[in-house]
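Engineer: Attaching a predicted model along with its sequence, questions to come.
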Amino acid sequence: MLLNWETRTDDVASDRPAEDEKNERLLRTLLFSQDLHHEHGDESGDRMVADLARVEAKLDLLLDMVSDLLRQEQSPAVATPVELWLNGASWTSGTDRLPELGGRLWLSLYIDSRLAQPLRLPARVTDVAGIAESFRVTVAFEVLDEPVQDLLAKLIFRQHRRMIAQQKADKRSE
């Protein structure tokens, strides 16, 4: 997964509503795009409403992405294995750039490499541990908006379920 972080010195509350809204739209769009089984609506148009909601969510996300790219220059993200759970995350980092233990930061996770917009979450560094020639950084998310937390839980559950299914398929093929 691609990951980037930046030190956060300001109060989270000021940026929070806009970030929560963007994160919610991003997670909804990711979950919609991952749905493999579409329910077929009856003749009352339920299917058309669901399709329209998917298109609207994707357009909202596209507008956010374009406006973000025009407003700011993004720092390059690093590809690294990320362990993600509902209350935090951890990743391996080189020695060149490490967050401070106890430091506050914005963690940007590029959940889907096809999308330029990251999931941007406020976090606090809880551990920085040396492992061989690198470091393991662990963060705890600061309080997340309830819809964002629910959608993140769904996404994590789906990814975990896919990982288990892939492991079972790999064992059967051996």
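Structural biologist: Noted; the coordinates are in hand.
Engineer: Confirm that D150 sits in a strand.
Structural biologist: No - read with DSSP: H, G, I helix; E, B strand; the rest coil, D150 is helix and lies in no strand.
Engineer: Could you number the chain from 238 rather than 1 from now on?
Structural biologist: From this message on, residue numbering opens at 238, which makes the last subject D387.
Engineer: Check it and give its pLDDT.
Structural biologist: D387 carries a pLDDT value of 95.
Engineer: separation between it and N260?
Structural biologist: 11 Å (CB to CB, to the nearest Å). In this view, the C-beta of every residue, glycine as well, is placed from N, C-alpha and C.
Engineer: count of residues packed around the closest residue in space to E337 that isn't next to it in sequence?
Structural biologist: Counting by CB to CB, 6 or more residues apart in numbering, V362 is the residue found nearest to E337 once chain neighbours are left out, at 6.4 Å. Look at V362: counted by other CB atoms under 10 Å, it has 20 neighbours.
Engineer: who has more neighbours, D387 and N260?
Structural biologist: More crowded of D387 and N260, by other CB under 10 Å: N260, with 23 against 14.
Engineer: what separates that one from L268, distance-wise?
Structural biologist: Separation of N260 from L268 (CB to CB) stands at 12 Å.
Engineer: Which pLDDT value belongs to the most centrally placed residue in the chain?
Structural biologist: Centre of the chain computed as the mean C-alpha position; nearest residue by CA atoms, centre = their mean is L356, 3.8 Å away. Residue-level confidence at L356 comes out at 91, pLDDT.
Engineer: Quickly list what it is bridged to.
Structural biologist: In this structure, L356 bridges to L346 when assessed by DSSP bridges.
Engineer: Isn't it up against L346?
Structural biologist: Yes - counting by CB atoms under 8 Å, L346 is a contact partner of L356 at 4.6 Å.
Engineer: ok, back up a step: quick one: the residue nearest to E337 is in a strand?
Structural biologist: Yes - V362: assigned to a strand according to three-state DSSP.
Engineer: what bridges to it?
Structural biologist: When bridges are called by DSSP bridges, V362 pairs up with V376.
Engineer: What of the one 5 residues further on?
Structural biologist: Counting by DSSP bridges, G367 is bridged to F372.
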